[in-house]
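In: The following comprises the amino acid sequence and a computationally predicted model.
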Amino acid sequence: MLAVTLGPIVWQFLTSLRGRTENVYDGVLPSRPTLGNYVRVAESFPLLQYTGNTLVVAALAVTSNLVFGSMAGYALSRTGWKGRRSAFTVLVATLMFPFESVMISMFLTVREMGLVDTLVGVWLPGAVSVLNIMVMRAAFLAVPREIEEAALLDGAGEWTRFTRVFLPSAKGALAVVCITSFMGAWDDFLWPLLVLTDSEHYTLQLGLKTLAGATTVNDQRIIAAGAMAALIPMMLLFFALQRFFFKGVGEGAVKLRATARHPPFPLLEQPSCTTTAALPNTASAGSSRSASHPPSTPAPCR
């Protein structure tokens with residue numbers, strides 16, 4: 001399974017290192033590895049400009065999904081307001097509609113807003129994903145109820161509980177949202193193709209399409225180098241967040257030991273317990289009062 005998954009990527013990387021005179025299908029390893037194909041990719045089309053445009057769209061998508069997705073997931077995970085289940089059902093029902101069925105209506109909406117041929121128009125449909133909202137909702141539902149009640153007793157408001165209790169407990173879910181939203185914006189091809197008309201606003205995927213379809217460029221080595229240039233940023237992001245990603249969504253609960261050592265809120269001041277010295281028994285030994293009511297000892301402090 002690993003060979004089937006990583007095999008094409010490894011072959012593509014090795015192909016991008018082959019020289020001009022070397023046959024693509026001649027052996028597995030290149031005889032003379034070179035990085036000249038990557039230089040030729042940068043010379044064939046504005047690679048840095050298209051990469052910058054894609055990074056802008058991806059950064060907007062990651063930020064909006066983290067902010068709005070976590071807020072929506074927190075609202076759907078809290079009880080006490082009517083229509084919560086109905087709203088969640090409607091969100092889940094929207095997953096049944098493929099993107100192609102609403103693509104035309106989304107384009108008309110973006111055109112009426114005057115965002116055609118802009119990077120904002122490319123980002124807007126992917127600003128919030130229903131799947132990311134579901135991931136954040138599941139992570140917030142895993143937070144123990146006792147932690148929220150303790151914060152509530154300490155006087156924490158809704159926003160304080162959200163930012164200082166729930167968000168720190170959902171680092172794994174936040175990493176999942178970050179990676180999936182970045183990949184969705186980075187790999188998107190159909191929507192930018194529909195919205196963008198000026199080549200200066202092209203994303204990297206559209207640039208690779210022009211590279212593969214150019215009449216002057218028909219070298220598989222250059223196409224492989226361009227595809228690897230588009231793959232490297234996603235691999236770097238995954239390796240940077242893999243420590244949080246593999247924790248999973250269900251492992252984002254607040255650790256009780258860490259909370260006890262470093263509480264997110266100042267604890268309520270407990271009443272100081274005072275020890276009272278036992279009063280000397282001044283009654284006589286034969287007194288029935290002293291025998292029936294011995295001097296009481298102070299209760300231990302809790």
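Out: Received it, and whenever you're ready, just let me know what you need.

In: neighbours around residue 164, how many?
Out: 14 (other C-beta atoms under 10 Å). Glycine gets a C-beta too; all of them are placed from N, C-alpha and C.

In: Torsion angles phi and psi at it?
Out: Note on residue 164: backbone dihedrals following degrees, to the nearest 10 are phi -110, psi -10.

In: Low-confidence regions, the stretch 101-250 of the chain specifically.
Out: By pLDDT under 70, the low-scoring segments of the stretch 101-250 of the chain are 212-218, 245-250.

In: ok, which stretches of it are helices?
Out: Taking DSSP state H, counting those that start in this stretch to define them, one finds helices in the stretch 101-250 of the chain at 119-123, 130-141, 145-153, 158-161, 167-169, 171-187, 190-195, 204-213, 220-245.

In: Can you check which of the ones you listed gets nearest to residue 49?
Out: helix 204-213 (8.4 Å; C-beta to C-beta).

In: Which positions in the closest one come out as buried?
Out: Judged by neighbour count (16 or more other C-beta atoms under 10 Å), helix 204-213 contains these buried residues: 204-208, 211.

In: quick one: residue 95 and residue 89, what's the gap?
Out: 11 Å (C-beta to C-beta, to the nearest Å).

In: Repeat that for residue 126.
Out: 22 Å.

In: Which one's more surrounded, those two?
Out: Neighbours were counted for residue 126 and for residue 89 using other C-beta under 10 Å; residue 126 has more, 20 against 9.

In: Please identify the helix or strand for the residue nearest to that one when sequence neighbours are not counted.
Out: Nearest in space to residue 126, with sequence neighbours left out and distances taken as C-beta to C-beta, 6 or more residues apart in numbering, is residue 61 at 5.1 Å. Counting by DSSP states H and E, the element that carries residue 61 is helix 47-77.

In: Following the chain onward from that helix, which element is next?
Out: helix 84-93.

In: Just the buried positions in that following helix, please.
Out: Of the residues in helix 84-93, those buried (16+ other C-beta under 10 Å) are 88, 91.
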